[in-house]
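> Prediction below, plus the sequence it came from.
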Amino acid sequence: MAIAAIGNGGPSIQTSERQMVLPTNLLTGIVLAAVGYWAGVQLGNSFGFNDGLNTGVLLGYVFASIMFLVGLGFANYPLARLFGWPVAPQSSYDEHRGAWRYLNLSLDHKVIGIQYLVAMLMAMLFGGIGAMLIRTSLLSPDQAVVSPDNYLTLVSMHSVMMIFVASAAIVGPFGNFFVPYMIGTNRMAFPRIEALSFWLVPPAIVILLASPLFGGFPTGWTGYAPLSEQAGQGFDSYIVGFTLIGLAICLSGVNMLTTVMCLRAPGMTWTRLPIFVWGVFSTSILGAFAAPVLASALSMQALDRTINTSFFISSNGGSNYLWENLFWFFGHPEVYIFILPAFGIVMELIPHFARKPLWGYRTAVVGLLGVTLLSWFVWQHHLFVSGIAPALRPFYMLSTEMISIPTGIVFLVAFGTLWRARISMTVPMLFCLGFLFNFLIGGLSGVFLSDTPSDVTLHGSYFSMAHFHYTIVGGEIFAIVAAIYYWFPKMTGRMLNMTMGKIHFWWMMIAFNLAFMPLFAAGILDMPRRVSTYLPSLQGLNDWVSIWAYVLFSSMIFFAINVIWSWFFNTKLAPADPWHARSIEWELPTPLPARNFDRVPTFTRAPYDYGDPQGARPSVDLGPEPAPA
Amino acid sequence: MSPRAYSDQSRGMPALERLPEWTPEVDARLARVGIWVWIGADVTFFAAWFFAFFYLRALNNNNDWMAAGVTHPTRAIGAAIFLLFAISAGLFWVGARSVVSQRATALIFFWLALAAGIACFVVQIYEFRNLGFDPQMGGGYPSVFIGMKGAWLIQVVGSMLWLASNIAQTKPNGDVTVRPASATFFGYFLVFLAGIGLISYVVLYFV
């Protein structure tokens, strides 16, 4: 029964689940979200707590999010189960066609990958606009375009939005889309959870964008108490938005871990796993087990702001350090959630364009897992200047510095692969090389911040800001762009324009470095973060940075034009394997069929056997051609 | 219905070969691994609450860990809450093991488990309404008590809803009857929640 039920080739969601009282689609979701918000606000305000009406806003957001998901159809399966209606294992491919499927609940990992890609690009646009406003405000040392309060809100929203993007912009689009292919399966372990992990993101973005309507929030992405306790209703956006993202990260992690552990095809041993899958796997470990701590901490924030508990109020028996500890216990693994899949992308792409096997594959895996392990033991280096017990400093200084060892291994593997290789300077490869250059600077500057004496001096300055922008923009965003250029043909059936791509690379690389490199100097010259004014002597430096930041932003607009033009106006179908790569996704036709594999593939070799005389294709046995229908 | 009945739609290949991941064996493996990973995630969720308890208790800022007028709630009620949920988890665990061979018996166990879970919920709500303190009195302990127990109770409620859906699907050709592994491993989660209930009982009522 369980097997027979899924062979019917029908839609992705069983009929019995799909039609309940209302048709389930995006429009219903939006309408129900509006109703839910209204109901939540009314309910919250009816309690009459002495809470600055935070309960109403919080419940409004929570109810809106839940009702949005209900409107999309996420309640259909549990309700059908609860009512004893027939439920069956769902088929995980979506044979619907057209753009509509991307606007609705779909259980097809390919559709979800595209949904994530578009959502992340849009969120990146919002975050980027915030960055431009910040840089515009900093054109003058004292006559800010926006007021100091609004400046803080701007910084906070930019940072939180970009953290959303950085958390999900690799595992979401590329992990969901390609991991099932790479391990040889037709689906993720839990397709509904996979879809849920995506559909939690749009409400999180909307809720965050709603924050200025309630006065914004001044805390930055770290949400430190007591600022958070004093903030108005705008901070409720932070709590609910971040909780939704944390839940999405956790669910995605649980799903990915289970998928990779359970659904690998025959022959896909752990030592043949593409390195990108290892990157996603190690990220998923962090996501699954670190994000719940954030959920707990945000729940405490919500309780403090509604029913007047005292978790983070020192004068009432709480402690603001409690928040700092809990937040960074999530927050530092979080930064490796950003970068580990980026390592995976770079190490995945380099062998294909170096035409060499990945040098030190097992060492690379050890590097990824080493970062994963060590990232749990470094969080207190964020508290060096917050009053951490001095006796703890050496341990966290050393543990943080130690993490440069597995990171260095990743670099060693990348350079070992490039050594004496016949490198094809394709656009994805250029971005990978850009990643290595930028992340090296980001990583080396991080050593200064892990070192207690220098961190005490530099922590609150633009040096720190330049460091993490080198790792996240120069590192992760470059890897994301490389991945888009590389996998776009397989995801959409269209090639991006590579001439525009090469212009984009040099445009972005030069602008990025000219914008962010001077910020190390600004930090050493004592320019503080999150402050809208600065010394007049630093105006020239800041104007230079702002101009190059605009140029950097314009490079991304240029990239967006390339994406939109190639996707929607380029009628030429991309070849099945434009890169002559050996990994399995390129063995499949373009456009990809609705069902990944007609038969279970059998992997016979590792995906990076370039230059091996015995390594002729295929590295995977896709089985004999199906008989004609 | 034979899997081969759909061979015309699977391009000449038997469905069993085409989508083996839906075999009961793979299904069970997904459920087992998935629930263990989920439990691992939930461990860190509750670890944050226990960390808050010990951290604030150790700091005792302003001598306000136990603010004036705050005392531990009645241990007997706390024990009743924990025991009721432990009984619920145990009954479900036993029932899930016999769902294939003795469906009617399993159903009785499931109903009893649901009743115990609902009773646990009711007693917990009673306790919340008769604590003798409220968060506005200040103090770390009331905050952690209400937060930790509230977080646990939300998961209990969610579990009871899922348990009820398991009852609804324990019928001929129902989802639990066809895929018993999902019920078995859901039982693991209930036992885990009971374990959290036990630890939080010891911590919140005795420490």
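Arrived safely, thanks for sending. Residues are numbered from 1 along each chain as shown, chains lettered A, B, ... in the order given.
> ok, which residues in the stretch 251-400 of chain A are in contact with chain B?
For the stretch 251-400 of chain A, the residues in contact with chain B (Cβ under 8 Å from any Cβ of the partner chain) are A:253-254, A:257-258, A:261-263, A:288-293, A:295-297, A:299-300, A:303-304, A:307-311, A:314-319, A:321-322, A:325-326, A:329. For every residue, glycine as well, the C-beta is placed using N, CA and C.
> Check the gap between the spatially closest residue to A:Tyr61 that is not a sequence neighbour and A:Phe63 for me.
Ranked by Cβ to Cβ, 6 or more residues apart in numbering or on different chains and with sequence neighbours excluded, the top spatial neighbour of A:Tyr61 is A:Val240, at 4.0 Å. The gap separating A:Val240 from A:Phe63 is 10 Å, by Cβ to Cβ, to the nearest Å.
> Dead centre of chain A: give me the residue that sits there.
Central residue of chain A (Cα atoms, centre = their mean): A:Ala168, 1.9 Å from the mean position.
> Could you tell me which ranges of chain A sit under the pLDDT cut-off?
Applying pLDDT under 70 to chain A picks out residues A:1-21, A:88-92, A:95-97, A:612-629.
> can you rerun that using 50?
A:1-16, A:629 (pLDDT under 50).
> likewise chain B?
Scanning chain B for pLDDT under 50 picks out B:1-19.
> what about the longest helix along chain B and chain A, any contact?
Longest helix in chain B, counting residues (DSSP state H): helix B:24-59. Yes - shown here: helix B:24-59 in contact with chain A (Cβ under 8 Å from any Cβ) through B:24, B:26-27, B:29-30, B:33-34, B:37-38, B:40-49, B:51-52, B:55-56, B:59.
> Helix or strand for residue 93, just tell me which one.
I'll assume chain A. Following DSSP states H and E, one finds A:Tyr93 outside all helices and strands.
> nope, chain B
According to DSSP H and E, B:Trp93 maps onto helix B:75-97.
> mind listing what's buried in that helix?
B:77-78, B:80-97 (16 or more other Cβ atoms under 10 Å in any protein chain shown).
> how about residue 82, what does it touch?
Just going to use chain A. The contact partners of A:Leu82, by Cβ atoms under 8 Å, 6 or more residues apart in numbering or on different chains, come to B:161, B:164-165, B:168.
> meant chain B, my bad for not saying
Contacts of B:Phe82 (Cβ under 8 Å, 6+ apart): B:194, B:197-198, B:201.
> I'd like those written out as CSV, with secondary structure, neighbour count and distance to B:Phe110 added.
Shown next, in CSV, are the contacts of B:Phe82 (DSSP: H, G, I helix; E, B strand; the rest coil; neighbours: other Cβ atoms under 10 Å in any protein chain shown; distance: Cβ to Cβ, whole Å):
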residue, secondary structure, neighbour count, distance to B:Phe110
B:Ala194, helix, 22, 16
B:Gly197, helix, 25, 20
B:Leu198, helix, 15, 22
B:Tyr201, helix, 18, 25
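> okay if I get those as CSV plus distance to A:Ala131?
Shown next, in CSV, are the contacts of B:Phe82 (distance: Cβ to Cβ, whole Å):
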residue, distance to A:Ala131
B:Ala194, 49
B:Gly197, 47
B:Leu198, 49
B:Tyr201, 49
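> quick one: which of these is nearest to B:Ala106?
B:Ala194 (19.1 Å; Cβ to Cβ).
> Okay, buried residues for the longest helix of chain B please.
B:26-42, B:44-53, B:55-57, B:59.
> For the stretch 451-600 of chain A, just list every one of the helices.
Per DSSP state H, counting those that start in this stretch, the stretch 451-600 of chain A carries helices over the ranges A:452-458, A:462-471, A:478-492, A:498-524, A:539-568.
> Over to the stretch 101-250 of chain A?
Going by DSSP H, counting those that start in this stretch, the stretch 101-250 of chain A shows helices at A:109-137, A:148-168, A:176-183, A:191-199, A:201-209, A:227-230, A:234-262.
> what sits against the residue in the stretch 401-550 of chain A that chain B sits nearest to?
Distances between the stretch 401-550 of chain A and chain B by Cβ to the nearest Cβ are smallest at A:Ile403, namely 20.0 Å. Counting by Cβ under 8 Å, 6+ apart, A:Ile403 touches A:370-371, A:374-375, A:378.
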